[in-house]
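Q: I would like to see how this sequence folds:
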Amino acid sequence: MELFKSSSKFSKKQIFLLSIPVFFSNLAIPLVGIVDTGLMGNLGETKYLAATSIASSVMTMIIVSFGFLRSGTVGIVAQAYGRSDYREIIKTLLRNLIIALVLSFLILIFTPLIKHVITILFSPSDETEVLVNTYLNVRVFSVPAELIIFIMVGFYLGIQKTKISSLLLIILSTLNIVFSSLLVLTFNLNVFGVVLGTLIASYITLIIFIFYTYYFIINKFKVIPRFERLIIKAKLLRLFSINFDIFLRTIFLTFAFFWITYLGSKIGEDYLAVNTILLQFILLSSFFLDAYAFSTEGLVGFSIGKRNRNSFLTIVKNSIFLSLVTGIIISLIYIIFFKKIINAMTDIEILRYIAFQHAIWIFVIPPVASFCYQLDGIFVGASQTKEIRNAMIISVLLFLLISFYLSRIFENHGIWASLLLFMVFRSLTLKMFFKNILRKF
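A: As a prediction, this is how the structure comes out:
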């Protein structure tokens, strides 16, 4: 907060320095996907990578859709923290805990339906289907831990303990990589080993931070957490409604990436596997670029609260410039190391060949996507969540329409051209709504 008090200029240097801690915590998350993909891509058969791609894409879409548990926790906890209402903070955590457990139970019940839908959509081979079901049978039991971790991250962000929330994610990701690598490379458990590593890492991280958070609350707030007067209809409804726009936006966004997996599967398992590998490059770049979005959310909110239009426009200009430059640097790094990374991620020659054919999309997308990532953060900081929702819905609908036709004409290149256009649509639709932010001044 000292930065806010000391300057209204918000220079490129200040924004960059704010983003550095977020870079490192964000980096830990995509590394898990990269390592898992590399582990499956070096088993000599496409079916392992294809099965992991299908199952993890579906589960990621489901789990990330409930990311409102994190964002909803941040908002309510931050407001209660500002009022020094520590009991309400604890009740918010416990209410969200109940919601997370209920959602986890529903996902467990509907697992057979999820499997059936996957079979209809992807029509996997018998061997791949067995591996997909193996992944789902294990991953569904990690959902409670993953959703509760969302809540914990939101809690620490809400009370401005960003180092603790970053540490939580780094520990989770590191344990995931260690256990998955051990179970696949040492015990030869292939898909089962990868997902079991996720399960073990999730619960170890959860247990560590449950104890840490319990004593943190007692020592800082001088309040013992109790399950009393939690089921209050108005409070529970508020938890569901406060970030409903973000919830819808997240569903549409995750569906867009799920759609890429689906279209690739219709071309063939080799293309499905290659797209899984290539998407790791896109996700890695997005987590780097999102660091600027996260760090500027608070700056944007601060400038709007002060009704300082000049500061706001300076933040927008400088953060977009930094994001674009970083996107270009990421592309240059990919150009230099792309071949080496692909060779490390898979030993299957046909997958390497197809990946090299599609390299151009990996080089072009990061700088183009930098605009929509940064605009997302600006709109979140301005609390213009309806605009974020509407922009995403429009962009995804256009993406689905265009990808359907381009994939038929240009096959896998059509899918990647559609993804590039999707990033452009997101930027243009958000720019269209930008004037709504300016009305706040």
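Q: where's the host helix or strand of Phe211 relative to the chain centroid, distance-wise?
A: Per DSSP states H and E, Phe211 falls inside helix 190-221. With C-alpha atoms, centre = their mean, to the nearest Å as the basis, helix 190-221 stands 19 Å off its chain's centre.
Q: do the same with stretch 407-416
A: Using C-alpha atoms, centre = their mean, the distance from the centre of stretch 407-416 to the centre of the chain it belongs to is 25 Å.
Q: Then stretch 210-226?
A: Worked out by C-alpha atoms, centre = their mean, stretch 210-226 lies 28 Å from the chain centre.
Q: Show me which residues of it are buried.
A: Thr213, Phe216, Ile217, Phe221, Pro225 (16 or more other C-beta atoms under 10 Å). The C-beta positions use only the backbone N, C-alpha and C, and glycine is treated the same way.
Q: now stretch 278-286
A: Buried-residue list, stretch 278-286, by 16+ other C-beta under 10 Å: Leu278, Leu279, Gln280, Phe281, Ile282, Leu284, Ser285, Ser286.
Q: For it, C-alpha coordinates in PDB please.
A: Backbone C-alpha positions of stretch 278-286 (Å, rounded to 0.1, in the frame of the first residue of the first chain) are rendered in PDB as follows:
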ATOM      1  CA  LEU A 278       1.200 -26.700 -27.800                       C
ATOM      2  CA  LEU A 279      -1.500 -25.400 -25.400                       C
ATOM      3  CA  GLN A 280       1.100 -25.600 -22.600                       C
ATOM      4  CA  PHE A 281       3.000 -22.900 -24.400                       C
ATOM      5  CA  ILE A 282      -0.100 -20.700 -24.500                       C
ATOM      6  CA  LEU A 283      -1.000 -21.300 -20.900                       C
ATOM      7  CA  LEU A 284       2.500 -20.600 -19.800                       C
ATOM      8  CA  SER A 285       2.500 -17.300 -21.600                       C
ATOM      9  CA  SER A 286      -0.900 -16.400 -20.200                       C
END
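Q: in which helix or strand would I find Leu43?
A: Short version: Leu43 belongs to no helix or strand, going by DSSP H and E.
Q: what's around the spatially closest residue to it that is not a sequence neighbour, how many residues?
A: In space, and not counting its chain neighbours, Leu43 is closest to Asn190: 5.9 Å by C-beta to C-beta, 6 or more residues apart in numbering. Applying other C-beta atoms under 10 Å, we find 20 other residues in the vicinity of Asn190.
Q: Please read off the pLDDT at Asn190 from the model.
A: On pLDDT, Asn190 comes in at 92.
Q: cool, the one 4 residues further on as well?
A: Reading off the confidence values, Val194 has pLDDT 93.
Q: Test my guess that it contacts Val184.
A: Yes. Taking contacts as C-beta atoms under 8 Å, Val194 lies within contact range of Val184: 6.0 Å.
Q: Spell out which residues are contacts of both of these two.
A: Listed contacts common to Val194 and Val184 are Leu39, Met40; contacts here mean C-beta atoms under 8 Å, 6 or more residues apart in numbering.
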